[in-house]
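Asker: sequence plus the predicted model coming up.
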Amino acid sequence: MQWSLVLLFLMSQCCFIHCHLYEYHYINVNKTWTEAQQYCKEKHTDLATVSNMADMKRLPNNSAGDVREAWIGLHDPPGVNRTWYWSLPELDFNDSEAKWDTGEPTDKGKGGSENCGFLYKNLTWADGSCHHKEHFLCYDETNRTQKYHLIKEKKTWQKAQSYCRENHTDLVSGLKQLQDGELNKVMKSVGNDTHIHFGLFRDTWRWSDGSSFSFRHWNNELNNAQSNSGQCAMTGFGDEGRWKNDSCDVKKPFICYDDKVILIKETKTWEEALYYCRDHYHDLVTITNLDEQRWVQEKAKNASTDYVWMGLRYTCTLNFWFWVSDEVVSYQNWASDGLMDDCDMSGAMKAGGKHQWRKTNDLMMFNFICSNN
């Protein structure tokens with residue numbers, strides 16, 4: 001690639017340190033949830049999707065007068081089957097990887113009330129009531145000396161989740177953590193008949209925009225999966241913005257969001273994708289942290305190609321990778337595929353699985369993801 005083109009790629013002015021891939025808007029007009037959904041889809045993108053605690057802090061909190069709550073995009077449509085999720089938001093649950101104990105899950109109880117997972121000492125899984133008080137396992141993303149913490153204080157599943165999120169990172173979630181030898185060492189002090197809460201739960205709640213984010217921020221204990229059918233979720237403007245559910249027919253203010261990330265289901269080379277994004281939107285997408293990775297990979301799931309192009313490019317002249325938005329490549333999610341850095345290489349994200357990045361010849365034809373910010 002000519003050096004003049006490299007300079008061109010570095011001239012983009014959008015700074016993702018100060019921008020976001022999506023924006024929220026508080027609408028102080030009373031509407032039913034369905035009316036609010038229609039309004040958001042017409043004026044913005046959709047009712048607010050909330051993917052993590054960072055989003056909770058970004059939600060508008062400009063209530064007027066006696067307004068204390070607003071609709072968000074989570075609802076419990078009738079006739080939907082329960083789905084298993086991991087508490088740690090970036091992980092996708094895969095049924096084929098489940099490690100259920102013999103005979104599990106049993107789903108005992110009236111109306112299907114066993115909606116939370118717990119572990120036996122041998123790390124096999126079982127389902128149980130979310131209201132049972134058990135010891136639990138927390139995961140610490142930042143503590144390099146001790147990643148896993150067995151909390152020998154009995155709490156319900158949701159109280160355990162809140163404790164882990166406030167004091168560590170989250171409940172232990174995903175096969176990578178559950179198969180870690182360090183976790184086995186921690187579990188040695190567990191009795192043979194002891195049940196341990198971990199980050200597995202299921203519910204029937206769905207996001208209006210169809211995204212599969214597992215983040216929940218309820219104010220009370222998890223409810224029976226059948227009793228919320230036809231209900232919708234609202235965020236509060238107090239009590240840390242904890243969520244409640246109410247009849248979707250009640251009129252309330254609401255929160256919309258504008259999505260700045262667009263999946264283009266056309267197949268193009270990397271350079272063709274770059275100019276398409278710059279002609280029609282702003283640029284190929286930049287990813288600078290894990291939260292942005294989560295948001296972008298949600299779009300990638302709907303691609304028609306195995307990979308999607310991002311705005312990541314390698315320059316032989318200077319011997320480094322760079323984002324076309326002029327951001328430093330600080331956060332990375334490369335797959336360990338053994339490929340060397342080489343000329344004519346660009347970054348593509350796997351559309352499925354762990355959504356890792358791959359160094360790919362830029363003449364390959366993939367879908368791609370643009371940003372509009």
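Answerer: Here it is on my side, so go on. Numbering: from 1, shown residues only.
Asker: ok, the closest residue to residue 95 other than its chain neighbours to residue 232 distance?
Answerer: Among residues not flanking residue 95 along the chain, residue 84 sits closest, at 7.4 Å (CB to CB, 6 or more residues apart in numbering). Where you see a C-beta, it was placed from the backbone N, CA and C, and this is true even at glycine. Distance, residue 84 to residue 232, by CB to CB, to the nearest Å: 22 Å.
Asker: who has more neighbours out of the two?
Answerer: Per other CB atoms under 10 Å, whichever of residue 84 and residue 232 has more neighbours is residue 232, with 29 against 17.
Asker: so what sits opposite the more buried one in the bridge?
Answerer: Here residue 232 sits in beta bridges with residue 75, residue 246, going by DSSP bridges.
Asker: list the contacts of it.
Answerer: If you count contacts by CB atoms under 8 Å, 6 or more residues apart in numbering, residue 232 has them with 33, 71, 74, 75, 76, 245, 246, 247, 248.
Asker: the closest residue to residue 190 other than its chain neighbours: what secondary structure?
Answerer: Spatial nearest neighbour of residue 190, excluding adjacent residues (CB to CB, 6+ apart): residue 121 at 4.7 Å. Applying DSSP: H, G, I helix; E, B strand; the rest coil to residue 121 yields a three-state assignment of coil.
Asker: pretty sure residue 121 is touching residue 186, no?
Answerer: No: in this structure residue 121 lies outside contact range of residue 186 using CB atoms under 8 Å: 11.1 Å.
Asker: the helices in this protein, which residues?
Answerer: Shown for the chain, the helices assigned by DSSP state H span residues 3-9, 33-43, 53-58, 157-167, 175-178, 181-186, 270-280, 290-300.
Asker: can I get these in a markdown table including mean pLDDT and distance to residue 348?
Answerer: Converted to a markdown table, these look like this (pLDDT from 0 to 100; distance: least, CB to CB, whole Å):
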| stretch | mean pLDDT | distance to residue 348 |
| --- | --- | --- |
| helix 3-9 | 43 | 16 |
| helix 33-43 | 98 | 30 |
| helix 53-58 | 88 | 26 |
| helix 157-167 | 93 | 33 |
| helix 175-178 | 92 | 23 |
| helix 181-186 | 90 | 33 |
| helix 270-280 | 97 | 8 |
| helix 290-300 | 92 | 10 |
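Asker: which of those helices sits closest to residue 147?
Answerer: Distance to residue 147, taken as CB to CB, is lowest for helix 181-186 among those, at 5.8 Å.
Asker: can you pull the buried residues of that closest one?
Answerer: Buried residues in helix 181-186, counted by 16 or more other CB atoms under 10 Å: 183, 186.
Asker: next one: stretch 236-253
Answerer: Buried, per 16+ other CB under 10 Å, within stretch 236-253: 236, 237, 241, 243, 244, 245, 248, 252, 253.
Asker: with stretch 272-287 instead?
Answerer: 272, 273, 274, 276, 277, 281, 282, 283, 284, 285, 286, 287.
Asker: circling back: distance check, the residue nearest to residue 190 against residue 161.
Answerer: Residue 121 is 21 Å from residue 161, where distance means CB to CB.
Asker: now do residue 141
Answerer: Distance from residue 141 to residue 161, by CB to CB: 15 Å.
Asker: now residue 299
Answerer: Separation of residue 299 from residue 161 (CB to CB) stands at 27 Å.
Asker: neighbour count for the two, which is higher?
Answerer: residue 161 (25 against 22).
Asker: now for that one: which residues touch it?
Answerer: The contact partners of residue 161, taken as CB under 8 Å, 6+ apart, are 87, 170, 171, 199.
Asker: tell me the pLDDT of the first one.
Answerer: The reference is to residue 87. Predicted confidence (pLDDT) for residue 87: 95.
Asker: please apply the same query to the second one.
Answerer: At residue 170, the model reports a pLDDT of 94.
Asker: so who does the closest residue in space to it that isn't next to it in sequence touch?
Answerer: In this structure, residue 170 finds its nearest non-sequential neighbour in residue 88, 4.6 Å apart by CB to CB, 6+ apart. Contact partners of residue 88, counting by CB under 8 Å, 6+ apart, are 139, 169, 170, 171, 173, 174, 199.
Asker: kindly report the same for residue 76.
Answerer: Residue 76 makes contact with 203, 204, 205, 206, 228, 229, 230, 231, 232, 245, according to CB under 8 Å, 6+ apart.
Asker: most surrounded residue in those residues?
Answerer: Among these, residue 232 has the most neighbours (other CB under 10 Å), with 29 neighbours.
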